[in-house]
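**Q** My questions are about this predicted structure, shown below with the sequence.
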Amino acid sequence: MKYIAIDLGLKRIGLAYSAHKDLVTPLPAVIRKNRNQASAEVKKAITDWEIDTVIIGIPLGGSSEDEMRRRIAHFMNLVDFEGEVFYQDEAGSSLEAESLMKGEIKYIRDGRIDSISAMIILQRYLYKKKQQK
């Protein structure tokens with residue numbers, strides 16, 4: 001199984017990849033100019049990495065969950081992905097990503113933190129999946 005995690009943001013979209021249940025790698029983030037460009041770049045990553053399953057971070061249980069599900073569904077419709085899509089709670093993933101990025105680099109808004117956040121989201125999903133077996 002090949003997975004890609006998406007940390008969907010309004011300015012940057014973090015991506016992370018895993019083809020092995022214990023190894024997750026952050027990919028270069030997509031800097032979002034508009035939704036068509038962003039969805040095309042995400043679709044290209046999905047195609048290039050031959051992805052079977054997409055994991056999307058979402059704030060589960062929060063007041064914005066319904067709105068985020070609507071936005072994600074719209075975005076994934078633009079991506080036109082045929083495989084399975086799962087949601088994973090993203091609570092605290094950005095703060096956790098920032099704490100992993102020690103020093104000045106965490107203030108650079110080039111998408112690295114977003115992709116590390118996506119990596120954390122995918123690690124959580126894979127851990128949960130492993131626990132269910």
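**A** Here it is on my side, so go on. Numbers count the residues shown, from 1 in each chain.
**Q** Give me the helices and strands touching the longest helix seen in the chain, please.
**A** Scanning the chain for the longest helix, with DSSP state H as the assignment, gives helix 112-131. Applying 3 or more Cβ pairs under 8 Å, 6 or more residues apart in numbering; DSSP states H and E, one finds that helix 112-131 contacts strand 3-8, strand 12-20, strand 23-31, strand 53-58, strand 84-89, helix 93-100. Yep, even glycine has a C-beta here, placed from its N, CA and C like the rest.
**Q** got the buried residues for it?
**A** The neighbour-count check on helix 112-131 (16 or more other Cβ atoms under 10 Å) flags 112-126 as buried.
**Q** same deal with stretch 19-38?
**A** Buried-residue list, stretch 19-38, by 16+ other Cβ under 10 Å: 24, 26, 27, 29, 30, 32, 38.
**Q** what's the closest of the residues you listed to residue 50?
**A** Checking these against residue 50 with Cβ to Cβ, the nearest one is residue 27 at 13.5 Å.
**Q** who's in contact with the closest one?
**A** Shown in contact with residue 27 (Cβ atoms under 8 Å, 6 or more residues apart in numbering): 4, 15, 16, 17, 45, 49, 115, 118.
**Q** Could you dump the buried residues of stretch 19-38 into a markdown table and include distance to residue 89 and pLDDT?
**A** As requested, these are exported to a markdown table (distance: Cβ to Cβ, whole Å; pLDDT from 0 to 100):
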| residue | distance to residue 89 | pLDDT |
| --- | --- | --- |
| 24 | 16 | 94 |
| 26 | 19 | 94 |
| 27 | 21 | 96 |
| 29 | 20 | 95 |
| 30 | 22 | 97 |
| 32 | 22 | 95 |
| 38 | 23 | 97 |
